[in-house]
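Undergrad: got a structure for you, letters missing:
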Ligand code: ATP
Ligand code: ATP
Ligand code: MG
Ligand code: MG
Ligand code: MG
Ligand code: MG
Ligand code: MG
C-alpha cells in the first residue's frame, strides 16, 4: 500500500492483544432485554422459545469459530471460551468481541422467525460484550461455575416471584415476601403454595445451556447388499443442560479443555 501523509493516524490506535496462553472468555449480554422481553411478550420467568433462539445463535458462533471450545448461556447472556492457544485476530480483544457480538446478533435475527413465527421483531437486538483472560483451567471452571450458580439463584428467585405475581400479589408485595429469604424458604414457597417441585422444572431453566463439540456415532451409509449399517465417529456441536460445576462433567469430556 502506498503511504500517504494521513498514514500517521494509525499511531493513535491502541494495542489490545489479550494475554497469551490464557483461556479467553467473551461474555455477551442482551442490551435492554428487560424491555425487549416485554415488547415481544416473553413468558415469565422463562420463555422457552427465547432460550432456544439464544442457543441457536450461540451454535452459529461455535460452528463458525473453531477456536471456541465451549459456550455457556443463561437468560440473555452467553459466554464463549476460546482455547488457550488461540491466535485468532492476534488475540485482539476489540476484534474478537466485535466479531462474536455481531455474529451472534445477526444469527439471532436470522433465526427469529423460526422460534417466533407469530411475533414480528420490533427492533434490532444488540448485545454488549467483554473479554476476560483466565490463566488456569481451575479458574476458568470457577468462572463457569459462577455463571451456573447465578443461573440457579436467579431462576429460583424469578420462579417464586412470577408465581406470586401470577397468584395476584403486586410486584412490590412479591419482592417483599422474597426479601432476604434463603433457598430453602423459596423452595418451600414453591412447594407449599404453588405445588411446584423445583427439581421438576426443565433442566434448561435450572442449569442453563452448554454448547461444545462431541464425537457422535453417525450412520454414514447403509450397505445395499447385506443392509449392514456403516457407522463413523463424527464431531458435532451439541447443546446440553448439564451440571458443569460437578467434576464428572469435565472428566467425561476431557477433550473440551484438553
Ligand atoms: P442490560 O442492557 O444492562 O443488560 P437488561 O434489561 O438486559 O439490561 P439483564 O440483567 O441482562 O438486564 O436481564 C435480562 C432481562 O431479560 C431480564 O429481565 C430477564 O427476565 C429477561 N429475559 C432474558 N431471557 C428471557 C427469557 N428466556 N424469558 C423471559 N425473560 C427473559
Ligand atoms: P477481513 O476479515 O480481514 O476484513 P476482508 O476480506 O473483509 O477481510 P477488507 O480489507 O475488509 O478484507 O476488504 C473488504 C473486501 O470486501 C474487499 O475485497 C472489497 O473489495 C469487498 N467489498 C466491500 N464492499 C464492497 C462493495 N460495496 N462492492 C464490492 N466489493 C466490496
Ligand atoms: Mg448487561
Ligand atoms: Mg441484558
Ligand atoms: Mg443478562
Ligand atoms: Mg475493510
Ligand atoms: Mg473486512
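TA: Thanks, I have it. This structure is a prediction, so every number in the text was calculated from the model and none was measured. Ligands and ions are numbered 1, 2, ... in the order given.
Undergrad: Could I get the full set of helices for the stretch 101-250 of the chain?
TA: For the stretch 101-250 of the chain, helices defined by DSSP state H, counting those that start in this stretch occupy the ranges 137-166, 171-178, 183-188, 194, 203-207, 247-252.
Undergrad: how about the ones you listed in a markdown table, adding distance to ligand 5?
TA: No exception for glycine: its C-beta is placed from N, CA and C like everyone else's. Compiled in a markdown table, the helices of the stretch 101-250 of the chain are given as follows (distance: least, CB to the ion, whole Å):
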| stretch | distance to ligand 5 |
| --- | --- |
| helix 137-166 | 9 |
| helix 171-178 | 19 |
| helix 183-188 | 20 |
| helix 194 | 25 |
| helix 203-207 | 15 |
| helix 247-252 | 23 |
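Undergrad: Quick check: phi and psi on residue 126?
TA: phi -130, psi 150 (degrees, to the nearest 10).
Undergrad: wait, residue 15
TA: phi -80, psi 140.
Undergrad: So for it, what's the nearest residue that isn't a sequence neighbour?
TA: Distances taken as CB to CB, 6 or more residues apart in numbering put residue 92 closest to residue 15, at 7.9 Å, once the chain neighbours are dropped.
Undergrad: can you pull the contacts of the one you found?
TA: 15, 16, 17, 18 (CB atoms under 8 Å, 6 or more residues apart in numbering).
Undergrad: Now restrict the residues you listed to buried residues only.
TA: Neighbour counting by 16 or more other CB atoms under 10 Å classes residue 18 among these as buried.
Undergrad: The helix or strand of the chain at the bottom of the mean pLDDT ranking pairs with which strands?
TA: The weakest-scoring helix or strand in the chain, judged by mean pLDDT, DSSP states H and E, is strand 209-222 (a mean of 87). Pairing partners of strand 209-222, with direction, according to DSSP bridges: strand 68-74 (antiparallel), strand 229-240 (antiparallel).
Undergrad: So for ligand 1, which of those sits nearest?
TA: Taking CB to the nearest ligand atom, strand 68-74 is the member of the strands paired with strand 209-222 nearest to ligand 1, at 8.4 Å.
Undergrad: Quick one: neighbours of residue 251, just the number.
TA: 8 (other CB atoms under 10 Å).
Undergrad: swap in residue 192?
TA: Residue 192: 9 neighbours (other CB under 10 Å).
Undergrad: What separation do you get for it and residue 185?
TA: 10 Å (CB to CB, to the nearest Å).
Undergrad: Go through stretch 84-103 and flag the buried ones.
TA: For stretch 84-103, by 16+ other CB under 10 Å, it's 84, 86, 88, 89, 91, 93, 96, 97, 99, 100, 101, 103.
Undergrad: In strands, which of those appear?
TA: Using DSSP state E, no member of the buried residues of stretch 84-103 sits in strands.
Undergrad: nearest to residue 250, of those residues?
TA: Relative to residue 250, the closest of these is residue 84; by CB to CB it sits at 15.1 Å.
Undergrad: From residue 164, how far out is that closest one?
TA: Counting by CB to CB, the separation of residue 84 from residue 164 is 45 Å.
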